[in-house]
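>>> have a look; sequence and predicted model below, questions after that.
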Amino acid sequence: MISHAHPPADAEPIVVGHDGSSGADRALRKAFDLARALTSPITVVRTWSIDSAPAGSLFHDGYVTSFSEVSERTRDLVTNETKPLCDEYPDVPTRFVGMLGQPAEVLVNLSSSARMLVVGSRGRGGFAALMLGSVSEQCVRHALCPVLVVPPSTRTRP
């Protein structure tokens, strides 16, 4: 018989950033594998800004939505998008968060109470990363916990 221990209620979570990309899905899968091995809960985070808020969530029928409502919609969106993957890990307690802010800033702030931070990488390097900024690089430089950067999938060459 296999028994899975449940983390204590106050256990520090593994925090994983999820932007809806395939790289974020790879990071989430790795976070789940680690959470299972470490008996740790997961917090899945998606940030939003005025430019990236879910379609129709800011204005509708002449009504301006509150930021907390947009955060709830963002949380619901990431919950629904990641459901198939999360369903593969029913033994890992998972919490979903939608937050207003820049991804790196939000993740670094959450790192103060995290066991680990897991982020994906789009594989940009050099000049592109320098000009565009890199969420993973900012997390590695400023997080207050260990950071795992999950690289893009590798392709096999013929």
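Yep, it's here. Numbering: from 1, shown residues only.
>>> and the next helix or strand past the longest helix belonging to the chain?
Of all segments of type helix in the chain, defined using DSSP state H, the longest is helix 67-86. The first helix or strand that comes after helix 67-86 along the chain, using DSSP states H and E, is strand 94-100.
>>> what's in contact with that next one?
13, 41-49, 67, 70-79, 82, 86, 106 (C-beta atoms under 8 Å, 6 or more residues apart in numbering). In short, each C-beta sits where N, CA and C put it, glycine included.
>>> name the next helix or strand following that strand along the chain.
Note on strand 94-100: by DSSP H and E, the next helix or strand toward the C-terminus is helix 103-110.
>>> lowest-confidence helix or strand of the protein?
For the chain, counting by mean pLDDT, DSSP states H and E, helix 126-132 ranks last in confidence among helices and strands (a mean of 52).
>>> picking that back up, so how far is the longest helix of the chain off the chain centroid?
Relative to its chain's centre, helix 67-86 lies at 11 Å (C-alpha atoms, centre = their mean, to the nearest Å).
>>> low pLDDT regions in the chain?
Applying pLDDT under 70 to the chain flags residues 1-10, 52-64, 123-133, 154-158.
>>> so what's residue 110 closest to, chain neighbours aside?
Nearest residue to residue 110, sequence neighbours excluded (C-beta to C-beta, 6 or more residues apart in numbering): residue 15, at 5.0 Å.
>>> quickly run through the sheet partners of the helix or strand where that neighbour lies, with directions.
If you go by DSSP H and E, residue 15 is part of strand 14-17. Using DSSP bridges, the strands paired with strand 14-17 in its sheet are strand 42-48 (parallel), strand 116-120 (parallel).
>>> helices or strands next to the longest helix of the chain in the packing?
helix 22-38, strand 42-48, strand 94-100 (3 or more C-beta pairs under 8 Å, 6 or more residues apart in numbering; DSSP states H and E).
>>> counting by contacts, list what the host helix or strand of residue 138 packs against.
For residue 138, the host element (DSSP H and E) is helix 135-142. Applying 3+ C-beta pairs under 8 Å, 6+ apart, we find helix 135-142 packed against helix 103-110, strand 116-120, strand 147-150.
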